Every structure is written in C-alpha cells, then in structure tokens.
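S.K.: Let's see this in three dimensions:
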Amino acid sequence: MAATMLFLSGCNTPAVPGLEDLGGGSDYVDVMTEDADGFVRYPGEPTRESKDYYIVEDICGQFTAKFMEGATGKTIVKAENPYPDTSIHTCHYTYEGSDSADLLLVLDYLSAEKQKKAQVDLMERTVEESSDIPMDNMVVYQEDGEINSIYFILSENKFITLNRGTGTDVTNDELLKIAANIGQKIKNYK
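M.R.: Sure, this is the predicted structure:
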C-alpha cells in the first residue's frame, strides 16, 4: 500500500507515485507518493513535457532509510546529508553498530563519459559494466580489486554514485548486490 504526501508551497509541486517500476503510465499521479518499500517517486515537473520519473536532489528524501534497509538487508540507524547547506546532493547511511557512514549515495550533474575517461586515464582504474544492474552503469575498480564507486547513469550528464564509507566492511559482492537492488528500482528514472 502506498502512502500519499502532498506538499504545498504556493506553486505547482512535482508529484510522486507508488511501488512497482514506473516509466509513466496509467498509475501516474500528480502528488508525491512514498512506496511501500520507502522509496519516494517524483514524476515529471510541470515544465517538462514527459511523464518520466526523476531522481531529485533530496537524496535522503527519495532514497529513504527504509528503502535502503530493503536494498541492503541491514538496519539503517542514520540517513543524513552532512552538507545540507551546500550544492552536494548526497545521503550517508549508517548501519546499526557502526560509528560512521557505511554507504554513500551522491547525485552529480557531470558527464558520465568524462568520469569514465578520468577514472581510467588519470586514476588508472578499471571500469566495467555489471549485467546484474539493470540500467546503464559503471563499476569502477581500484588497482587492489576493490570497488571504488558504482555509477547509475541516468542521462549523459546526470548520475548517482554508490560508494562505501571510510572504514566500512561492506564487501564488493555486497556492494554489487545493493547496486542491483537500487538499479532495479530506478532503471526507468532520469
């Protein structure tokens, strides 16, 4: 069952729908909706002419702790943007029993192709695409074989990265599984 939240700010507020994968369709609504899994969907804004759903800059508000618990299988005790007064669009998630963030999601408006080139040419990292993540993606491996970042490519100049926090014990396999779960949810988003 999806919960519906309506925010009034004196202008046409973008909407958000329910739980199943969306790319616009018969269940498209004009009010913000939180899915049963905790993910918040934002449909197109009035200035856009499509009924596509968008990833918004409030990463903690869209990728809620409840949603990330489902994606990770772990209890999330804190979900926060430690830089709320900046243009850094991120959310840091802390697992129960941890002292610092275990996972970070970051939204960027940069060229995904230039990021790939920099990772390979400047950082001397390996970049692969994972077939387990059901959308355009890049998995960036460091020289030691550890995953540095996983990119969910939303458009040519918009992506989200999934990163491990400093000192976390999240393994490569766990990170790839979490990325596959997130990718399944956002594969039709822009």
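S.K.: Buried residues in the longest helix along the chain, which are they?
M.R.: The residue-count maximum for a helix in the chain (DSSP state H) belongs to helix 172-186. Buried residues in helix 172-186, defined by neighbour count with 16 or more other C-beta atoms under 10 Å: E174, L175, L176, I178, A179, A180, N181, I182, G183, K185, I186. The way it works is simple: take the backbone N, C-alpha and C, and place the C-beta from them, glycine included.
S.K.: what's the helix or strand for K117?
M.R.: helix 112-117 (DSSP states H and E).
S.K.: One more: I153?
M.R.: strand 147-155.
S.K.: which neighbours does that strand have in its sheet, and in what orientation?
M.R.: strand 137-141 (antiparallel), strand 158-164 (antiparallel) (DSSP bridges).
S.K.: roughly how far is that strand from the heart of the chain?
M.R.: Mean C-alpha position of strand 147-155 versus that of the full chain (C-alpha atoms, centre = their mean, to the nearest Å) differs by 9 Å.
S.K.: Stretch 98-106 now?
M.R.: 13 Å.
S.K.: mean confidence for it?
M.R.: What stretch 98-106 shows for mean pLDDT is 95.
S.K.: Tell me who's in contact with the nearest residue to K78 once chain neighbours are set aside.
M.R.: Counting by C-beta to C-beta, 6 or more residues apart in numbering, T94 is the residue found nearest to K78 once chain neighbours are left out, at 4.1 Å. Neighbour list for T94: I76, V77, K78, A79, S100, A101, D102, G165 [criterion: C-beta atoms under 8 Å, 6 or more residues apart in numbering].
S.K.: Can you tell me which of the buried residues of helix 172-186 comes closest to T33?
M.R.: K185 (14.0 Å; C-beta to C-beta).
S.K.: thought that closest one was touching V40?
M.R.: No - K185 is beyond contact range of V40, at 11.0 Å (criterion: C-beta atoms under 8 Å).
S.K.: Next SSE downstream of the least confident helix or strand in the chain by mean pLDDT?
M.R.: One helix or strand of the chain scores below all others by mean pLDDT, DSSP states H and E: strand 3-5, with a mean of 37. Following strand 3-5 in sequence order, the next helix or strand is strand 32-34 (DSSP H and E).
S.K.: what helices or strands is that following strand leaning on?
M.R.: strand 3-5, strand 40-43 (3 or more C-beta pairs under 8 Å, 6 or more residues apart in numbering; DSSP states H and E).
S.K.: Quick one: mean pLDDT over that strand.
M.R.: 83.
S.K.: Just checking: what are the partner strands of it?
M.R.: When DSSP bridges is applied, strand 32-34 pairs with strand 3-5 (antiparallel), strand 40-43 (antiparallel).
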